Every structure is written in C-alpha cells, then in structure tokens.
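1. Prediction below, plus the sequence it came from.
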Amino acid sequence: MKKWLFGTTLLFIFLIIAIVIAADTNQLPRLLRGLIRFPGGDKAGHFILFGILSLLINKSAIALFPNQNPKRLVLTVSLLLSIMIGLEEWSQILYRSRTPSIIDLAASYVGVIIFAFMAYRLRR
C-alpha cells in the first residue's frame, strides 16, 4: 500500500510541475485551457489540484513517519506546501503569460487545508 501511495504522490507532483511549466510557457493543452475558462474554473482548479496534492503528500508523510504526532506532521507538511504554493503564485510576475492572483492563492490554500484535514481524519 505504501509503494502505491508514494508512487501516486510522486506522479501527481510531476503532473503539477508539468502544468505549472506549461502555464509559464503559455503552452497549456487546449483541454486544460477549456476547463479553466468557465466562471470560477481557474479557482476550482487551484482548489482541486492543490487539495489532492495536499491529501497525497500528507498521507505519504503519515505513512512514512508512523511514530510522529500525526497532527503536528500534517500541520508541518501543509505549512511547507503552502509556502511553496505561495512562492509559485508570486513567481508568476516573472511571466507575461501569467497573472498572479490573491484569489487563486486563497483557493489553493483552502484546498490544502480541507484536504489536509481529510488526510488527518483518514490516517488509519
């Protein structure tokens, strides 16, 4: 079970990185551009993608460090993930094709919080 979880987590991390790189270079696939064009689609994408990432990373951390306090572990992992998400959102000022948004950042953070809580509750 742990191998599947870690493998899935790594694949999802690479997917997020690929999406960020594609967005930074203005090369998002047509399907993704279509999904974010409906009202609130971009915010929903931030919530869902970073929420799932939070769930997977937190579940992996709990499995990897079973003797650690799970609440502290989830808080630490979520804080580190939130910092990285904030840096990525801030980095968008460097690209003409990107527009940093506090609303996008908030949607990402809400996803991290809700899905981290789910990871904590599903830790058994």
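-> It's in.
2. drop to CA atoms for contacts and neighbour counts, all remaining ones
-> Will do.
3. doesn't residue 59 make contact with residue 123?
-> Yes - counting by Cα atoms under 8 Å, residue 59 is a contact partner of residue 123 at 6.8 Å.
4. Neighbour count for the two, which is higher?
-> More neighbours surround residue 59 than the other of residue 123 and residue 59, with 24 against 14 (other Cα atoms under 10 Å).
5. Please determine how far that one is located from residue 48.
-> Residue 59 sits 16 Å away from residue 48 when distances are taken as Cα to Cα, to the nearest Å.
6. any idea which helix or strand carries the closest residue in space to residue 36 that isn't next to it in sequence?
-> Residue nearest to residue 36 in three dimensions, not counting chain neighbours: residue 42, with 4.6 Å by Cα to Cα, 6 or more residues apart in numbering. Here residue 42 sits within helix 41-64, counting by DSSP states H and E.
7. What residues of that helix count as buried?
-> 42-63 (16 or more other Cα atoms under 10 Å).
8. Likewise for stretch 70-82?
-> Those would be 70, 73, 74, 75, 77, 78, 81, 82, for stretch 70-82 by 16+ other Cα under 10 Å.
9. Please apply the same query to stretch 7-24.
-> Applying 16+ other Cα under 10 Å to stretch 7-24 flags 8, 9, 10, 12, 13, 19, 20, 23, 24 as buried.
10. Let me see the mean pLDDT of stretch 42-50.
-> On average, the pLDDT along stretch 42-50 is 92.
11. need the helix or strand of the protein with the lowest average pLDDT.
-> Least confident helix or strand, the chain: helix 30-37 with a mean of 72, by mean pLDDT, DSSP states H and E.
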